[in-house]
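> Sequence first, then the predicted structure, then my questions.
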Amino acid sequence: MSSRAQKAAQRQLLDVLSSWQEPHGTGTIAESGALKAMQASDDGSVRIQVTPARAHCPCCLLDLIDLRNALQKKRKISAAFIEVTGVPDVHRWTSSINE
């Protein structure tokens with residue numbers, strides 16, 4: 001059974017992701033295929049998994065940092081973690097985004 005905090009975080013996560021535009025003009029992050037998974041925990045924290053469209057593009061990295069900041073500004077989201085997959089040096093991307 002989902003907690004109230006989890007449901008509220010899910011709603012705010014979906015609200016942000018449904019309008020977040022991919023930086024290369026291929027639609028929203030979900031439409032572009034970059035969004036691979038998302039999860040909200042009972043404590044209101046959210047975790048998403050993404051594969052950037054271009055592995056060596058600095059604007060993709062900056063966009064994901066902006067996305068995390070936007071998620072953390074939401075009242076019902078207690079914490080946000082973005083995991084990057086499918087590019088070289090994923091640990092560097094992930095740590096840079098979640099600093």
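Everything's here; your move.

> what about the strands in this structure?
35-40, 45-50, 79-84 (DSSP state E).

> Of those strands, which is nearest residue 61?
strand 79-84 (8.7 Å; CB to CB). Where you see a C-beta, it was placed from the backbone N, CA and C, and this is true even at glycine.

> Next, the angle strand 35-40 makes with that closest one.
Relative orientation of strand 79-84 and strand 35-40, computed by axes from the mean of the first three to the mean of the last three CA atoms, to 10 degrees: 160 degrees.

> With only the CA atoms kept, save strand 79-84 in PDB.
Coordinates of each C-alpha in strand 79-84 appear next as PDB, following Å, rounded to 0.1, in the frame of the first residue of the first chain:
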ATOM      1  CA  ALA A  79      14.900  14.100  -2.100                       C
ATOM      2  CA  ALA A  80      15.700  13.400  -5.800                       C
ATOM      3  CA  PHE A  81      18.300  11.100  -7.300                       C
ATOM      4  CA  ILE A  82      19.000  10.700 -11.000                       C
ATOM      5  CA  GLU A  83      20.900   7.700 -12.200                       C
ATOM      6  CA  VAL A  84      22.400   7.800 -15.700                       C
END
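
> Of all the residues in that strand, which ones are buried?
For strand 79-84, a neighbour-count test (16 or more other CB atoms under 10 Å) marks 80, 81, 82, 83, 84 as buried.

> The last one pairs with what?
Read that as residue 84. On the basis of DSSP bridges, residue 84 is bridged to residue 50.

> quick one: contacts for it?
Residue 84 sits next to 49, 50, 51, 52, 64, 90, 93, 94, 97 when contact means CB atoms under 8 Å, 6 or more residues apart in numbering.

> Let me have the strands of the chain in a markdown table, extended by mean pLDDT and distance to residue 24.
Output for those, formatted as a markdown table (pLDDT from 0 to 100; distance: least, CB to CB, whole Å):
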| stretch | mean pLDDT | distance to residue 24 |
| --- | --- | --- |
| strand 35-40 | 94 | 14 |
| strand 45-50 | 96 | 13 |
| strand 79-84 | 97 | 16 |
